[in-house]
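Visitor: Task: produce atomic coordinates for the following.
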Amino acid sequence: MINKSEVAGDLNIDSYTTLGVKATCLACRGGRLLCGKFQCPILLRLYSFLKVKDVFHSKRVFGSSPPGAFVGRMGYPHVYAGPLVPPVVGDTSLFNMPEKWLGKSVDEIVDFRTNLIRGKFIVNVKKPSKNQRFARTLLEMALSKASVDTELTFRKNPRGGFLLDNTLQPMGPSGMLTGMTAGASKTDFVVEKAYADGDLKAEDAVLDLYLNGLPVSRIQRVFSLGAFGLKERRRMVPTRWSITAIDSILSRRLIEDKVKGKRMINEHRVYEFNYLGNRFVILLIPSSWRYEWIEAWYPGTTWNPQGRRVSMGGDWEGYNGRTTYASIGGCYYSVRLAAAEFLSQENRQAGVIAMREIHPSFTMPLGVWINRESIRAAFKQKMRKFDTLREAISYIKSRFTIAMDAWIEASSLLKDALYQERIIKYF
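Guide: Here you go, the predicted model:
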């Protein structure tokens, strides 16, 4: 990604991996700072190369917010929050709806997002009502089902790098707000009903909205601004956390309510999908619910920039789920949601082993949505059926460029299915 050797060398990355062992970069992805540095050196260097130049020369921005909002996490509970507004008037909903991005090029997606100027104000997420000046307006915008004409005024001209992150979608420059005015909005009354119900728990509100067809990205946005839950316990949630929280809540509820206890599939199935240098393969095996997500990053990709070998990492859960946060990060939950959706629609249960091979042509992180939407797309493709696990694995071997032995070594569920004897063998 960075062709200048002196720049790449300055990244100072010294924690790489052999196959099957989680690398610091792969586990962290710039978000958890596992290397001990204050900022991710990879992303910091990328920001300097990808700064949006000469986008704004004014302290005032007027445009139609998708609507979009961002709540930061640094300094929690006192964080930066604010609207996302492009200098474009009209229907800008596509700028903030990753469900509609699949099939777009990286350039198109980046174009959607670099124009989103991020206004910032400081808010205590535990007491958002104390910042009535901006927080209330931001929430009213988020409740809208259509773009909202918005005027922002800044203390200084918006500036800063193009924000890249493995969980979040990209965003453009930002600036501290001195004023924010929103025009008339078209309130989504389904969302407004959940917001108005101070006795409805946040998890139940999220599930109700999802079952009513509200896109996951919209639920994540409103959840982030503290619109749901028992009235006296509502809090704003950093955007990064809200994305994973909604994927986790919805997938867990679907698994418990609509997957477990259903009839198991009676064959081995393989689904696949390719997009932007990513190759996704999903193996369903006849068993009760269990799930695993594995990623393999080639050298020269974002989370394996200087490695000489493919870096692989993953995590899994059995029938009873998990009680700790997945080591592989938010992508684990976004893929779990797509798998749970599919099985609940099929009214079946199965073991799910989802794999992603990332090639150097995948030039930058775009957010976890790419995993969720790609897995959703894979399940819409024609499946391959196999009578035995060995036959399914033989086919998967032909779809990946990484040796199948490496996938098996990195996988807990594949090793279990291949090598663990079952008691029913002796019946």
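Visitor: CA atoms for contacts and neighbours, from now on please.
Guide: Fine.
Visitor: tell me which strands and helices the one helix or strand Arg336 maps to is in contact with?
Guide: Counting by DSSP states H and E, the element that carries Arg336 is helix 331-346. Judged by 3 or more CA pairs under 8 Å, 6 or more residues apart in numbering; DSSP states H and E, helix 331-346 is in contact with helix 239-254, strand 290-297, helix 369-378.
Visitor: Quick check: which ranges of the stretch 51-200 of the chain have low pLDDT?
Guide: For the stretch 51-200 of the chain, applying pLDDT under 70 flags the ranges 51-57, 160-167, 170.
Visitor: Could you do the stretch 301-427 of the chain as well?
Guide: Residue ranges of the stretch 301-427 of the chain with pLDDT under 70: 421-427.
Visitor: try 50 this time
Guide: Applying pLDDT under 50 to the stretch 301-427 of the chain picks out residues 426-427.
Visitor: what are the ranges of the strands in it?
Guide: For the stretch 301-427 of the chain, the strands defined by DSSP state E, counting those that start in this stretch cover 311-317, 348-349, 351-358, 384-386.
Visitor: Figure out which of those is closest to Phe273.
Guide: Among these, strand 351-358 comes nearest to Phe273, with 9.6 Å by CA to CA.
Visitor: Helices of the stretch 51-200 of the chain, residue ranges please.
Guide: With helices called from DSSP state H, counting those that start in this stretch, the stretch 51-200 of the chain shows them at 106-114, 135-142, 189-196.
Visitor: and Gly75, which of those is closest to it?
Guide: Closest approach to Gly75 among these (CA to CA): helix 135-142, 17.7 Å.
Visitor: which parts of the closest one are buried?
Guide: Ala135, Thr137, Leu138, Leu139, Glu140, Met141, Ala142 (16 or more other CA atoms under 10 Å).
Visitor: Just want the angle from that helix to helix 189-196.
Guide: Orientation check (axes from the mean of the first three to the mean of the last three CA atoms, to 10 degrees): helix 135-142 against helix 189-196 gives 150 degrees.
Visitor: Helix 135-142 - contacts with which helices or strands?
Guide: Using 3+ CA pairs under 8 Å, 6+ apart, helix 135-142 sits against strand 68-71, strand 78-85, strand 174-182, helix 216-224.
Visitor: Nearest to Leu283, out of the ones you listed?
Guide: helix 216-224 (24.3 Å).
Visitor: Show residues contacting that closest one.
Guide: Residues from elsewhere that reach helix 216-224, judged by CA atoms under 8 Å, 6 or more residues apart in numbering: 68-69, 71, 97-99, 139, 142-143, 206, 209-210, 228, 236-239, 242-243, 246-247.
Visitor: Please work out the average pLDDT along that helix.
Guide: For helix 216-224, mean pLDDT is 96.
Visitor: before we move on, back to that, adding mean neighbour count, write the helices and strands packed on helix 331-346 out as JSON lines.
Guide: Converted to JSON lines, the helices and strands packed on helix 331-346 look like this (neighbours: other CA atoms under 10 Å):
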{"stretch": "helix 239-254", "mean neighbour count": "21"}
{"stretch": "strand 290-297", "mean neighbour count": "24"}
{"stretch": "helix 369-378", "mean neighbour count": "22"}
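Visitor: Could you point out which of those sits nearest Gly119?
Guide: Shortest distance between Gly119 and the helices and strands packed on helix 331-346, using CA to CA, is found for helix 239-254: 14.4 Å.
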